[in-house]
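[1] based on what follows, work out the 3D shape:
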Amino acid sequence: MLYRELVDIYEKLTSTSSKLEKRNILSDFLLVVPDEILPFITGLLAGYVFPKWTEKELGIGPKLLLKVVSKITGITEKKVEELVYSSGDFGEGIERAIEQKKQQTFFDANIEITYLMDLFEKVSSYSGKGSQDKKIKYLSKLFSAASPIEARYLSRIILEQMRTGAAEGIILDAISKFSDIPRKDVEKAYLLTNDLGLIALYSRRGIGELSKLNVTVGRPLKPMLAQIAGSIDLALKDIDEPEMEVKYDGARIQVHKSGEI
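    Numbers count the residues shown, from 1 in each chain. This next block holds a predicted model:
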């Protein structure tokens, strides 16, 4: 699958404010994504490269991206920064910079999703002395191959600033729709695993496989927050008898231990 296909979905999501339309767009798309890239694609749709439970990260900030774009376009970093500032959006500023690139020897290439997966894994593995130069090297190759609009969304996903309105709740709705599994079962599995990509993959296999997912030691659970009710009377209708507990302010922590306590 090509990255430009995902960009088309980003554009469709951005063009509508309807949550129902966003759900349908996501559901139709996820239905045809191959298994081997489904978890990765689901994460990119949600606005991040790696699952939220992992400590893995790209380690790329706005300044490094400015260096990359300046390098491949021949435009000064200051000029690229001005384009970003005048656009009011980092991704759109980078898109405009790519459109103005001076070195016309570059050409748009077909960016495969699998190539993007491998590149992000490599970039995330670099740390310490010389890591920034290595990251610039790989990102320069990526952005040199990208069309202006692809560069816009690459910038946004790298900085985790997607702005498509595809919130986790809408993605869970989409997974429920394409898999024909009740929303509550999809959400429960997500709360236990804290991994949207994993949920998308197992939902495709049916509710039997999805129900096998459980807590994994070392992987934080998604906080199971209280549901909002329209009134006290409506809330009391949903439970057998009311329960209350004292709530203390403080930090929420999870302690995981494998084996007996």
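
[2] what element comes up after the host helix or strand of Ser155 heading to the C-terminus?
    If you go by DSSP states H and E, Ser155 is part of helix 148-159. Helices and strands here follow DSSP H and E; after helix 148-159, the next one along the chain is helix 168-179.

[3] so how far is that next one from its chain's centroid?
    14 Å (CA atoms, centre = their mean, to the nearest Å).

[4] tell me the secondary structure at Gly230.
    Secondary structure assignment for Gly230 (DSSP: H, G, I helix; E, B strand; the rest coil): coil.

[5] can you give me the mean pLDDT across the helix holding Ser155?
    The average pLDDT within helix 148-159 is 95.

[6] tell me the contacts of Ala109?
    Contacts for Ala109 were tallied using CB atoms under 8 Å, 6 or more residues apart in numbering; they are Ala145. C-beta coordinates here come from the backbone N, C-alpha and C atoms, glycine included.

[7] any idea how far it lies from Leu2?
    Between Ala109 and Leu2 the computed distance is 10 Å (CB to CB, to the nearest Å).

[8] where in this protein is pLDDT low?
    Along the chain, the model assigns pLDDT under 70 to residues 102-108, 224-226.

[9] please redo it, this time with the cut-off set to 90
    52-55, 87-88, 99-110, 127-130, 162-163, 215-261 (pLDDT under 90).

[10] which residues in it form helices?
    3-14, 19-32, 38-46, 62-73, 77-87, 90-99, 113-125, 131-145, 148-159, 168-179, 183-193, 196-204, 207-210, 232-237 (DSSP state H).

[11] including distance to Gly259, could those go into a markdown table?
    Shown next, in a markdown table, are the helices of the chain (distance: least, CB to CB, whole Å):
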| stretch | distance to Gly259 |
| --- | --- |
| helix 3-14 | 42 |
| helix 19-32 | 37 |
| helix 38-46 | 28 |
| helix 62-73 | 42 |
| helix 77-87 | 51 |
| helix 90-99 | 46 |
| helix 113-125 | 30 |
| helix 131-145 | 36 |
| helix 148-159 | 38 |
| helix 168-179 | 32 |
| helix 183-193 | 20 |
| helix 196-204 | 24 |
| helix 207-210 | 27 |
| helix 232-237 | 39 |
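
[12] just so I know, which of those lies nearest Val255?
    helix 183-193 (16.7 Å; CB to CB).

[13] so which elements touch that closest one?
    Here helix 183-193 is seen to pack against helix 168-179, helix 196-204, helix 207-210 when contacts are counted using 3 or more CB pairs under 8 Å, 6 or more residues apart in numbering; DSSP states H and E.

[14] may I see the buried residues of it?
    Buried residues in helix 183-193, counted by 16 or more other CB atoms under 10 Å: 186-190, 192-193.
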